[in-house]
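Participant: Coordinates for the following, if possible.
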Amino acid sequence: MGILLHIRGTLPYLRGSSGTRICKTVHGVTRTCSTLLTDSSKGGLVLYSKSTDVYENLSLEDWIEANVDLQHRNILLLWRNKPAVVIGRHQNPWKECNLSLMRRTGICLARRRSGGGTVFHDLGNLNLTFFASKKGYDRQRNLKVITEALRHLRPGLEVEATKRFDILLKGHYKITGSASRISRKSSYHHCTLLHSADHAALSPVLHSSCQGVHSNATPSVPSPVANLVDYEPTLTWELLLEALAKKYSAEFGGSAKINLVNPADDSAFPGLRSVSAELRGWEWVFGRTPKFSIQTLLKMTDDLSSTAREVQLCLEIKHGVIESCRLDVSPDWLPQRLSGELSDVLEGERFCPQRTAAAFAMLLRCERGEKQKKLRRLCDAILAVMG
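Facilitator: Residues are numbered from 1 along each chain as shown. Here you go, the predicted model:
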């Protein structure tokens, strides 16, 4: 029997006789979330998140790791997101993605708690999180679940896991990338699986729009990618999810039922909302960026000359805040007083175009005529560097 699942998470919560909310599994069996996650029976448990919000789903990972006794059971969490870019814990978003394009197109930026590289999520990408005890941490075993499920579905699919814990299609195209987090007693390993992601959106957003970034943050390694449906157009979501659940239960024991859960339900996941708020915040997404610097030349022109002037911009940024700024501007193009005031405005400010634009506006109101025009052009060029 195929899995009866509304992929976009539209299945409603049912209510028990007492009026309490209960989780609904795709096979029609209902159990409370607390019962599902605290059940002491050994073996695997498969969950599917009703949410398509990247922050809620990342918070659900944190909640499970913090609140479930993973010494006695394994969990597979399946989840999908609306368009989002997710960077690793130790990465620099200004170096990893096109922030200005993401703002224009409404694509979210999230920083996960695990390491690894940057990935693009949309509803054509399936995320799988394998929870286990620290002792039970085994990424190759987890990837075996995926590769064997795919081979079972479509024997002609040439998929294999690599030593880098990726999965390649046809020996060349990356369909899965991995990252993980290990704590004192527990672990989780999460990975992507490209089913039908939007390639046209993926490539542009994963190219930095910021020039002159110098950073020791973990860089991503670009790889050619493909979707499963590019080679197997008949591979539906229902078939894929059912095969993954069956292989997971065969490998780890337990039931192959997929249990639908809603991370936005406070009664089921108390405290998750505050974790989600933290993951949405500027301090986490940008402020956790390792220290970096900007060294770049800005090409400036004015109405009186067709010759471009070069302005050297040097910034030191720590925790997303500009610690120091040096602007080398020819005094015959812009008075040193103004370049000095501009540097003073930048120091101590977030490396963030929205906040900085407001600070620049106050400075610009104090000038008139040609000086104001030149200062505005310089301000605009600096804002462009911030992405």
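
Participant: What segments of the chain are helices?
Facilitator: Along the chain, counting by DSSP state H, helices occupy 33-38, 54-67, 93-96, 99-105, 139-153, 199-205, 228-231, 237-252, 272-280, 282-285, 336-346, 353-364, 369-385.

Participant: K373: neighbouring residues, count only.
Facilitator: Using other C-beta atoms under 10 Å, K373 has 15 neighbouring residues. In short, each C-beta sits where N, CA and C put it, glycine included.

Participant: if we can go back for a sec, for R112, find the nearest of the helices of the chain.
Facilitator: Between R112 and the helices of the chain, the shortest gap by C-beta to C-beta is with helix 54-67, which sits at 5.6 Å.

Participant: Which of the residues in stretch 316-324 are classified as buried?
Facilitator: For stretch 316-324, burial by neighbour count (16 or more other C-beta atoms under 10 Å) applies to E316, I317, G320, I322.

Participant: show me the contacts for the spatially most central residue of the chain.
Facilitator: Taking C-alpha atoms, centre = their mean, the centroid of the chain lies closest to V86, which sits 1.4 Å from it. Counting by C-beta atoms under 8 Å, 6 or more residues apart in numbering, V86 makes contact with V54, L58, A110, R111, R112, T118, V119, F120, H121.

Participant: Return the member of those residues nearest to R273.
Facilitator: L58 (12.9 Å).

Participant: and this structure, what are its domains?
Facilitator: 14-285, 292-385 (automatic domain parsing).

Participant: start to end distance for the shortest one?
Facilitator: The first residue of domain 292-385 is 14 Å away from its last residue (C-alpha to C-alpha, to the nearest Å).

Participant: model confidence over it, on average?
Facilitator: Across domain 292-385, pLDDT averages out at 91.

Participant: Most tightly packed of the helices of the chain?
Facilitator: Highest mean neighbour count among the helices of the chain (mean count of other C-beta atoms under 10 Å): helix 93-96, with a mean of 24.

Participant: May I have that one as CSV, with CA atoms only?
Facilitator: Taking Å, rounded to 0.1, in the frame of the first residue of the first chain, the C-alpha atoms of helix 93-96 are listed here in CSV:
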residue,chain,number,x,y,z
PRO,A,93,27.2,34.2,4.6
TRP,A,94,28.7,37.2,2.8
LYS,A,95,31.1,34.8,1.1
GLU,A,96,28.7,32.0,0.5
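
Participant: sorry, back to before: ok, and the most crowded of the contacts of V86?
Facilitator: Neighbour max across these (other C-beta under 10 Å) = L58, 27 neighbours.

Participant: Test my guess that that residue contacts L279.
Facilitator: Yes: L58 lies in contact with L279 (C-beta atoms under 8 Å); the separation is 5.6 Å.

Participant: what sits in contact with each of the two?
Facilitator: What both L58 and L279 touch, as defined by C-beta under 8 Å, 6+ apart, is the set A110.

Participant: Sketch out the low-pLDDT regions of the chain for me.
Facilitator: 1-35, 38-42, 303-306 (pLDDT under 70).

Participant: Which positions in the biggest strand by length in the chain come out as buried?
Facilitator: Using DSSP state E to define each element, the chain has its longest strand at strand 305-318. Using 16+ other C-beta under 10 Å as the test for burial, strand 305-318 gives R309, V311, L313, L315, E316, I317.

Participant: between it and helix 336-346, how big is the angle?
Facilitator: Counting by axes from the mean of the first three to the mean of the last three C-alpha atoms, to 10 degrees, strand 305-318 points 30 degrees away from the direction of helix 336-346.
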